[in-house]
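A.B. asks: here is the input, now give the coordinates:
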Amino acid sequence: MTSSDGCPYCVASRELIIGVDGMELLRDVNFPDGSSAGKRSGPIFKIVTGATVSEIIDSRRDELREVVRGVYLRYHEGLSTNPESHFLKFPDRPRDRIIALPAGDRGGEVDRAGIKWISSFPGNLAQGLPRASAVIILNDMDTGFPVACLEASAISAARTAASAALAARELHRETEGQVLGVIGCGPIARAVLGQLEADGWSFRRTVVHDLDAARSDAFRRGLAGETAALPSAAAVVEESDLVLFATTAGEPHFLDATLFKPRHTVLHISLRDLGTEVLRDAQNIVDDPVHALREKTSMGLSVELHGNSLISGTLAELMTGEVEPDAARPRIFSPFGLGVLDIAVADFVHGIAATTGRSQNILDFY
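C.D. replies: Below is the predicted model of the structure:
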C-alpha cells in the first residue's frame, strides 16, 4: 500500500488498490520508461445521495437500532469522542441556525470519525422545503482523508428515531394496547413511528396535534389503526400513555405538570417544549448529562432552578441496569443528540452503499 519512500500514494498513472481497512485508493504507478506524472493520488471519494440513504435506512431499521445501541454503550465506556456541538447563529434571524457536530467512535468493527453539518431554517416550511438539511463527511482513520459525503437529514432523523425507540423500550414496558400521542407532525415524528413499529409496538389509538392542521391530517393518513387529531397538546397528553414531542419550539410552552401521570413516558425529542415544573416532578433520562444542559434546553433551564439531581441517569445506564425506570413518576427522555450517533449511522449506511454499488465514486477528487 506504500511506495519505497513510505508514501501511501505513489506517482504517475493510476490503478485501484484496496487498503488493509477496505478503503479504496487510487495509486499512481510509474510509466514503463520510469517517468511519472508527478501527481499524488488519494482515496476514491464517494457520494451517497439522499434517495440511497433513505432506501437503506428504511430497509434496515432493526440493524440501525442496534448500531445506535452499540454507540451508546461504547460512549458510556469512554470509547467515543464527542466534543460540544458548535452553533452558527445569525443575530437578525434568531430562529435559524447551522450546527457542526464532530465526533469519533472506537470499539466497533472499525474506527471512524467525521462531522455533521446540519442547518435548521424553520421558515423553509412555508416554502414547501424541509426545515432541516445536512451532510456528513466521513474520514479514513489511517490517513485522515475525507472519503465520503452523505446526505444526512435522513441520517439525523434515523438516529434520533432509533434513540427514541430504544428509550421507549427501556422506560415503557407495555408495547401493546397503548395510546400514542404525537405533538409535532413532521419528518422526525414519522421516523420515530417507523422505528417503534419496527421494534414491535402496536398502538390501539394514535392521537396527534400540530399547529398546522393540514400537517396533522397528512400525518394521520400515513398511520395504521384508529387515529384522531386533537385541538391542543394538552388534550393529546391527557389521552396518551406514550407521548412524543417533536416540534420546532424555541422555548418551553407546555407548563402544566399536573397533566403528566405515572403512566406517562415522554419522548421529549425537541428539547424545548416542557416547563421546569414538568421536569421537576418526573424521572429524567438524558443521553449525556453535560450536553443535555446546553443551548437553553428545558433540561438546562430546569437544572439551573432545581440542581443536577434532577437528572436520574442516561439511556446507556438504563441499558446496563445501573438505572431502573421509576413507575411512580412520569418518565421523560430528553436527548440533546450526540454527533457520534450520526457518524456511526453514516458509516453503516456508507458501508452498505459502497458494497452494493449504490455510492457515486469520484475518482479524481484528490
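A.B. asks: what pairs with the nearest residue to Phe203 once chain neighbours are set aside across the strands?
C.D. replies: Nearest in space to Phe203, with sequence neighbours left out and distances taken as C-beta to C-beta, 6 or more residues apart in numbering, is Leu180 at 4.4 Å. Backbone N, C-alpha and C define where each C-beta goes, glycine included. For Leu180, the beta-bridge partners are Thr206, Leu242 (DSSP bridges).
A.B. asks: ok, Leu180 - contacts?
C.D. replies: For Leu180, the contacting residues are Leu193, Leu196, Trp201, Phe203, Arg205, Thr206, Val207, Ser240, Asp241, Leu242, Val243, Leu244, by C-beta atoms under 8 Å, 6 or more residues apart in numbering.
A.B. asks: give me the contact list for whichever strand or helix holds the first one.
C.D. replies: Element membership of Leu193, judged by DSSP states H and E, is helix 187-198. If you take C-beta under 8 Å, 6+ apart as the criterion, helix 187-198 is touched by 58, 61-62, 65, 130, 132, 153, 157-158, 160-162, 164-165, 168, 180, 182, 219, 222-223, 244, 246, 267, 269-270.
A.B. asks: ok, the residue nearest to Phe203 to Arg220 distance?
C.D. replies: As defined by C-beta to C-beta, to the nearest Å, Leu180 lies at a distance of 12 Å from Arg220.
A.B. asks: I figured Leu132 hits Ser120, correct?
C.D. replies: If you look again at residue 132, you'll see it is Ala, not Leu. Yes: counting by C-beta atoms under 8 Å, Ala132 does reach Ser120; the two are 5.3 Å apart.
A.B. asks: rewinding a little: now for Leu180 and Arg220: what residues contact both?
C.D. replies: Common contact partners of Leu180 and Arg220 (C-beta under 8 Å, 6+ apart): Thr206.
A.B. asks: and the strands in the stretch 201-350 of the chain?
C.D. replies: 202-209, 226-229, 242-245, 265-268, 283-286, 311-314, 331-334 (DSSP state E, counting those that start in this stretch).
A.B. asks: next: the stretch 1-150 of the chain.
C.D. replies: 13-18, 24-29, 45-48, 80-81, 86-89, 97-105, 112-120, 132-139, 146-151.
A.B. asks: and of the ones you listed, who's closest to Gly357?
C.D. replies: Closest approach to Gly357 among those (C-beta to C-beta): strand 45-48, 11.0 Å.
A.B. asks: tell me the strands beside the closest one, with direction?
C.D. replies: Using DSSP bridges, the strands paired with strand 45-48 are strand 146-151 (parallel), strand 360-362 (antiparallel).
A.B. asks: for Ala132, give its distance to Gly337.
C.D. replies: Remark: distance between Ala132 and Gly337 (C-beta to C-beta) = 12 Å.
A.B. asks: now do the shared contacts for the two.
C.D. replies: Contact with both Ala132 and Gly337 is made by residues Ser156, according to C-beta under 8 Å, 6+ apart.
A.B. asks: comparing Ala132 and Ser120, which shows the higher neighbour count?
C.D. replies: Ranked by neighbour count (other C-beta atoms under 10 Å), Ala132 and Ser120 place Ala132 first, with 20 against 17.
A.B. asks: and stretch 306-324, how far from the chain's centre?
C.D. replies: Offset of stretch 306-324 from its chain centre (C-alpha atoms, centre = their mean, to the nearest Å): 20 Å.
A.B. asks: next, the buried residues of that stretch.
C.D. replies: For stretch 306-324, a neighbour-count test (16 or more other C-beta atoms under 10 Å) marks Leu310, Ile311, Ser312, Gly313, Thr314, Leu315, Ala316, Glu317, Leu318, Met319, Val323 as buried.
A.B. asks: am I right that the first one is in contact with Arg280?
C.D. replies: Yes: because the distance of 6.7 Å satisfies C-beta under 8 Å, Leu310 is recorded as touching Arg280.
A.B. asks: would you map the helices across the protein?
C.D. replies: In the chain, the segments counted as helices under DSSP state H are 50-59, 61-76, 153-171, 187-198, 213-221, 233-239, 276-280, 298-306, 315-320, 339-355.
A.B. asks: report the inter-axis angle for the third one versus helix 61-76.
C.D. replies: Following axes from the mean of the first three to the mean of the last three C-alpha atoms, to 10 degrees, one obtains 80 degrees for the angle between helix 153-171 and helix 61-76.
A.B. asks: count of residues packed around Leu279?
C.D. replies: Residues contacting Leu279 under the criterion other C-beta under 10 Å number 28.
A.B. asks: can you pull the contacts of it?
C.D. replies: Ser298, Met299, Ser302, His306, Leu310, Ile332, Ser334.
A.B. asks: and which of those residues is nearest Ala229?
C.D. replies: Ile332 (23.9 Å).
A.B. asks: got a list of what the closest one touches?
C.D. replies: Shown in contact with Ile332 (C-beta under 8 Å, 6+ apart): Thr265, Val266, His268, Leu274, Val278, Leu279, Ala282, Gln283, Asn284, Ile285.
A.B. asks: could I get these as JSON lines with pLDDT?
C.D. replies: Shown next, in JSON lines, are the contacts of Ile332 (pLDDT from 0 to 100):
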{"residue": "Thr265", "pLDDT": "98"}
{"residue": "Val266", "pLDDT": "98"}
{"residue": "His268", "pLDDT": "97"}
{"residue": "Leu274", "pLDDT": "96"}
{"residue": "Val278", "pLDDT": "97"}
{"residue": "Leu279", "pLDDT": "96"}
{"residue": "Ala282", "pLDDT": "97"}
{"residue": "Gln283", "pLDDT": "98"}
{"residue": "Asn284", "pLDDT": "97"}
{"residue": "Ile285", "pLDDT": "98"}
